[in-house]
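> what shape does this take:
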Amino acid sequence: MLTTTDFREVGLTVTPQRSDVRLELVVCHEKQTLDDVASSGPPLQRLWEAGSVVATEQAIASRDAAEATHVARRVLRKLEACQEAVAGHWVYGPTHTERLGPATTASWLGTVDGELNTTGRAPRGEKISGGIAVLRHGLHVAVLYISWCASAGDTAACVIAGGNAYEQLAALSHAAALRLG
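Below is the predicted model of the structure:
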């Protein structure tokens, strides 16, 4: 799983936090956890925070390579179903997938705020406020969620993150996939 050093290497200084709450996969209007999608038991989970940045990673160990492939594909399909929504509703941007080695893949999608969704899809060159990644390395599958715009109390969430948020999401997705091995 990711370390604070991985975050620091992309310009984010985060602190590990304790979390007993299971990460819910943000899949349109349906709430599910990685436990619901995988049959391998409860996942290992880590949480990091720093200012407006919140990141959570969950990982499971599959019984075999076929199950790992199935779980990763199933989670990714659920997320991709959220790439279209009525204008004004948040959407995920396009899927980016890279094969990083044998049985090692990283797929990530940026989260686009509803204020920027004027056509039912993420605008070209989307500006993101967060993102989600589906990672696989051998028998291990993980989901990484990061938000650069977490609300705190009465402070409204931001619409877009800083200029290099997309590159940070891609780099953290790569690092997380490689660390699963």
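
> I'd guess L79 is in a strand, am I close?
No - counting by DSSP: H, G, I helix; E, B strand; the rest coil, L79 is not part of a strand but helix.

> which ones are touching the residue nearest the centre of the chain?
Note on the chain: the residue nearest the mean C-alpha position is I132, at 1.8 Å, using C-alpha atoms, centre = their mean. Contact analysis of I132 by C-beta atoms under 8 Å, 6 or more residues apart in numbering lists 25-26, 79, 92, 108-109, 111, 143-146. In this view, the C-beta of every residue, glycine as well, is placed from N, C-alpha and C.

> any weak-confidence spans in the chain?
The model of the chain has pLDDT under 70 over residues 21, 26-27, 29, 35, 41, 151-157.

> for it, just list every one of the strands.
15-17, 24-27, 30-33, 44-50, 53-61, 91-92, 96-101, 104-112, 130-137, 140-147 (DSSP state E).

> what would these look like in JSON lines with distance to L169?
Converted to JSON lines, the strands of the chain look like this (distance: least, C-beta to C-beta, whole Å):
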{"stretch": "strand 15-17", "distance to L169": "19"}
{"stretch": "strand 24-27", "distance to L169": "14"}
{"stretch": "strand 30-33", "distance to L169": "21"}
{"stretch": "strand 44-50", "distance to L169": "14"}
{"stretch": "strand 53-61", "distance to L169": "10"}
{"stretch": "strand 91-92", "distance to L169": "12"}
{"stretch": "strand 96-101", "distance to L169": "9"}
{"stretch": "strand 104-112", "distance to L169": "6"}
{"stretch": "strand 130-137", "distance to L169": "4"}
{"stretch": "strand 140-147", "distance to L169": "6"}
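
> returning to that earlier point: what pairs with the residue nearest to the centre of the chain across the strands?
Beta-bridge pairing for I132 (DSSP bridges): L109, Y145.
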